[in-house]
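# Could you work out the structure for the sequence below:
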Amino acid sequence: MAIFKKLFSREKKEKLDEGLQKTKEGLWGKLTRAVAGKSKIDDEVLDNLEEAFITSDVGVDTTLKILERIEARAARDKYMNLSELNSLLTEEVADMLAKPEEETEDFSVPASVKASGDPYVIMVVGVNGVGKTTTIGKLAHQFKEAGNQVVLGAADTFRAAAVEQLDIWGERAGVPVVKQKMGSDPAAVAYDTVSSAKAKGADVVIIDTAGRLHNKKGLMEELSKIKRVMQRVVPGAPHEVLLVLDGSTGQNAYEQARQFAVATEVTALAVTKLDGTAKGGVVIGISDQLGIPVKYVGLGEGMTDLQCFDSREFVGSLFGEAGKK
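Numbers count the residues shown, from 1 in each chain. Prediction:
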């Protein structure tokens, strides 16, 4: 699994700040009120911070972990104003988030996969309506812009609309889509996609899968079969199992993540629709509680509005002044 070397431009940072504005406004206001008139972090401040984090969808368990860290630092450092608190929060919360293992540049193939000569295979999972197909299209565009040859596989054969939507995004991104008729075996589509990509010398394969979770056993069997057939063509595939979550659903997104983690081995998260919601704190809770790294965040409708996740930049944006250089 790859972690990106974050090359954060001013433009990306501004887009991140803008996308997280609603979450930041709510959280910043609550943090300001929590320490107003205080010269130290006492029990009242901690209670107010607890409310601020929980109402920002960080989650109870993660909130308690954050408060323990703040309390320990406050006991040592004694006095702490708002600016110092923000810096501390940025440092401690960013450190809590799950970290992937292998470093690579933004939207590039990990060196370990590139050395094998096989395509980098990403299997994308997630329930319907979270922005899964849109995320695949944006991924395809950005991987292609980074100089990679990309192939998409329409293995969500349960809904005809899913194949049509992936086709549209494939056209937008300018990448081929391997598909079969509705109701076809998803594993057969995945096999054909990986085989075609390998024959063409493609760099990246992105496989869409059905967005169903009502039957975890059935989903587990389907995804396991997709993995097995792909491994006949590319050993070790998929190299990434990317779960797409809708950040605007708050704690519902956490529950989806938990259930998918049971159904299949999720290795990374993409959290979408963070622009326009005040629930961006859920990113922190999901990553911390499940130990799964966030790899991408969706901050708008544009093809380039899917950013590689940088924990310090993300948390810095949430805590306002702490994110400024």
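# Backbone torsions only: list them for the residue positioned nearest the centre of the chain.
To find the centre residue of the chain, average its C-alpha atoms and take the closest one (C-alpha atoms, centre = their mean): that gives Ala270, at 2.2 Å. Dihedral angles of Ala270 (phi, psi; degrees, to the nearest 10) stand at phi -120, psi 120.
# How about the contacts made by it?
For Ala270, the set of contacting residues under the criterion of C-beta atoms under 8 Å, 6 or more residues apart in numbering consists of 135, 242-245, 294-298, 306. Bear in mind the C-beta positions are built from the backbone N, C-alpha and C, glycine included.
# hmm, 7 Å instead?
Contacts here follow C-beta atoms under 7 Å, 6 or more residues apart in numbering; on that basis Ala270 touches 135, 242, 244, 295-296, 298.
# Would you mind giving me the confidence score for Ala261?
The pLDDT attached to Ala261 in the predicted structure is 88.
# Give me the subset of the contacts of Ala270 lying in helices.
With helices defined by DSSP state H, the entries of the contacts of Ala270 inside them are Thr135.
# Closest one of the contacts of Ala270 to Glu265?
Distance to Glu265 across the contacts of Ala270 (C-beta to C-beta) is lowest for Leu242, with 11.6 Å.
# surely that closest one meets Ile122?
Yes. Judged on C-beta atoms under 7 Å, Leu242 makes contact with Ile122 at a distance of 5.6 Å.
# And the helices in the protein?
10-19, 21-35, 43-54, 60-77, 82-96, 111-114, 132-145, 160-173, 186-200, 216-233, 251-263, 282-290, 311-318.
# Can you flag the weakest of those by average pLDDT?
Ranked by mean pLDDT, these bottom out at helix 21-35, which scores a mean of 79.
# could you give the angle of that one to helix 311-318?
Angle between the axes of helix 21-35 and helix 311-318 is 70 degrees (criterion: axes from the mean of the first three to the mean of the last three C-alpha atoms, to 10 degrees).
# Direction-wise, compare helix 21-35 with helix 10-19 and give the angle.
Comparing the axes of helix 21-35 and helix 10-19 via the same axes, to 10 degrees yields an angle of 70 degrees.
# Which residues belonging to helix 21-35 are considered buried?
For helix 21-35, burial by neighbour count (16 or more other C-beta atoms under 10 Å) applies to 21-24, 26-28, 30-31, 34-35.
# which other residues reach that helix?
Applying C-beta under 7 Å, 6+ apart, the set of residues contacting helix 21-35 is 45, 48-49, 52, 56, 82, 85, 276-281, 317-318, 320.
# Weed out the non-buried ones from the residues you listed.
The neighbour-count test (16+ other C-beta under 10 Å) applied to the contacts of helix 21-35 identifies 45, 48-49, 52, 56, 82, 85, 277-281, 317-318, 320 as buried.
# which one of those residues is nearest Trp169?
The shortest approach to Trp169 among these belongs to Thr277, at 22.8 Å (C-beta to C-beta).
# Can you verify my assumption that that closest one contacts Thr249?
No. Thr277 is not in contact with Thr249 according to C-beta under 7 Å; the separation is 8.6 Å.
# I'd like to know how many residues surround Gln180.
Other residues within reach of Gln180, judged by other C-beta atoms under 10 Å, total 16.
# Please apply the same query to Lys225.
The burial metric for Lys225, expressed as a neighbour count using other C-beta under 10 Å, is 16.
# and it, what does it touch?
Ala187.
# and it, how far is that from Asn252?
Distance of Lys225 to Asn252, given as C-beta to C-beta, to the nearest Å: 28 Å.
# Including distance to Gly126, could the helices of the chain go into CSV?
Rendered in CSV, the data for those read as follows (distance: least, C-beta to C-beta, whole Å):
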stretch, distance to Gly126
helix 10-19, 19
helix 21-35, 21
helix 43-54, 25
helix 60-77, 21
helix 82-96, 24
helix 111-114, 23
helix 132-145, 4
helix 160-173, 12
helix 186-200, 15
helix 216-233, 11
helix 251-263, 7
helix 282-290, 13
helix 311-318, 20
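# Ile206: which of the ones you listed is closest?
In this view, the helices of the chain are compared for proximity to Ile206 by C-beta to C-beta, and helix 132-145 is the closest at 5.4 Å.
# from the chain's centre, how far out does that closest one sit?
Relative to the chain's own centre, helix 132-145 is displaced by 13 Å; criterion: C-alpha atoms, centre = their mean, to the nearest Å.
# cool, stretch 225-238 as well?
Here the centre of stretch 225-238 is set off from its chain's centre by 23 Å, with C-alpha atoms, centre = their mean.
# Kindly format the C-alpha coordinates of that stretch as CSV.
Below are the C-alpha coordinates for stretch 225-238, written out as CSV (Å, rounded to 0.1, in the frame of the first residue of the first chain):
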residue,chain,number,x,y,z
LYS,A,225,-13.8,-14.0,-6.2
ILE,A,226,-12.9,-10.8,-8.0
LYS,A,227,-9.6,-10.8,-6.1
ARG,A,228,-8.8,-14.4,-6.9
VAL,A,229,-9.4,-14.1,-10.7
MET,A,230,-7.3,-11.0,-10.9
GLN,A,231,-4.5,-12.6,-9.1
ARG,A,232,-4.3,-15.2,-11.9
VAL,A,233,-3.2,-12.4,-14.2
VAL,A,234,-1.4,-10.1,-11.8
PRO,A,235,0.0,-11.7,-8.6
GLY,A,236,-0.8,-9.6,-5.6
ALA,A,237,-3.8,-7.8,-7.2
PRO,A,238,-5.5,-5.8,-6.1
